[in-house]
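S.K.: Okay, predicted coordinates and the sequence, questions at the end:
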Amino acid sequence: MTISEQQIPDRLKQVTNRIEQVCRQHQQSHPTLLAVSKTRSISEIREMYQLGVTQFGENYLQESLEKQQQLIDCDICWHFIGPIQSNKTRSIAEKFQWVHSVDRLKLANRLSNQRPPQLPELNICLQVNIDNESSKSGFSANEVVDAAKAIAQLPRLRLRGLMCIPEPRDNTHDQRQPFAKMQQLLKQINQQLSANIPPLDSLSMGMSSDIEAAVAEGSTIVRVGTALFGPRSTQSSTT
Ligand SMILES: *Cc1c(COP(=O)(O)O)cnc(C)c1O
């Protein structure tokens, strides 16, 4: 066993303690822990799975499809959280239960058309560029309400909520501001959805460095990589 593998149980305990404490402090319900497993080995993922984590998030399609093959014996719910090229939507529609990074209408249309009819509806979140950064993708806060109303009508998708990756801020107080805006946007969308559409129930927000701020503002899914698995040795995979 490598050193990083030995640390996984302790890291998981630390992360769940962080979440537990802030839930208690702010009377929030427990978010789902999504383990972000990009660049992590099969044995690291298996170890996490054996500790009870069943939701895994991946950013790179080819890497992820290979891992899914090798982990076919595990009952894992796979989430796609990375940037999406339009010509890759078919595999995403076929192989994932959730997609968090839908950032344009065209992608939603393609995912809906390509979701196999024998599978349940594909759960999706719309990515919001909450700090209006030119380097980041996502709907602007102004666009996302109308986009959500349109996407919620697509037949093979279930629009679950919103996702964001805010600009880094160095303290919890400042980190809470963009997450509070996300909560407002979710409410606004739910007020405007037609009555036959189930309300959006998900906010995918909070990473290793801002879990507390996100949970304090009502995150329902935290996406955690480094704090669970240790530092990533490579910034991105080759796929
Ligand atoms: C890598 C990644 C994460 C996890 O980031 P950490 O800082 O390692 O916790 C979460 N969300 C997305 C979209 C990512 O790409």
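M.R.: Good, I have the coordinates. Numbers count the residues shown, from 1 in each chain.

S.K.: OK, contacts around the closest residue to the ligand within the chain?
M.R.: Nearest to the ligand, among the residues of the chain, is residue 225, at 2.8 Å (C-beta to the nearest ligand atom). For glycine as for every other residue, the C-beta is placed from the backbone atoms N, C-alpha and C. Residue 225 makes contacts with 35, 36, 37, 38, 207, 208, 232, as judged by C-beta atoms under 8 Å, 6 or more residues apart in numbering.

S.K.: ok, now residue 49?
M.R.: Counted by C-beta under 8 Å, 6+ apart, residue 49 has contacts 56, 71, 74, 76.

S.K.: low-scoring stretches of the chain, by residue?
M.R.: 1-6, 234-239 (pLDDT under 70).

S.K.: longest helix of it?
M.R.: Longest helix in the chain, counting residues (DSSP state H): helix 3-26.

S.K.: For that helix, list every residue counted as buried.
M.R.: Within helix 3-26, the residues scored as buried using 16 or more other C-beta atoms under 10 Å are 4, 5, 8, 11, 12, 15, 16, 18, 19, 22.

S.K.: Check stretch 96-112 too.
M.R.: Those would be 96, 98-105, 107-112, for stretch 96-112 by 16+ other C-beta under 10 Å.

S.K.: Show me the subset of those residues that also lies near the ligand.
M.R.: With the criterion set as C-beta under 6 Å from any ligand atom, no member of the buried residues of stretch 96-112 is near the ligand.
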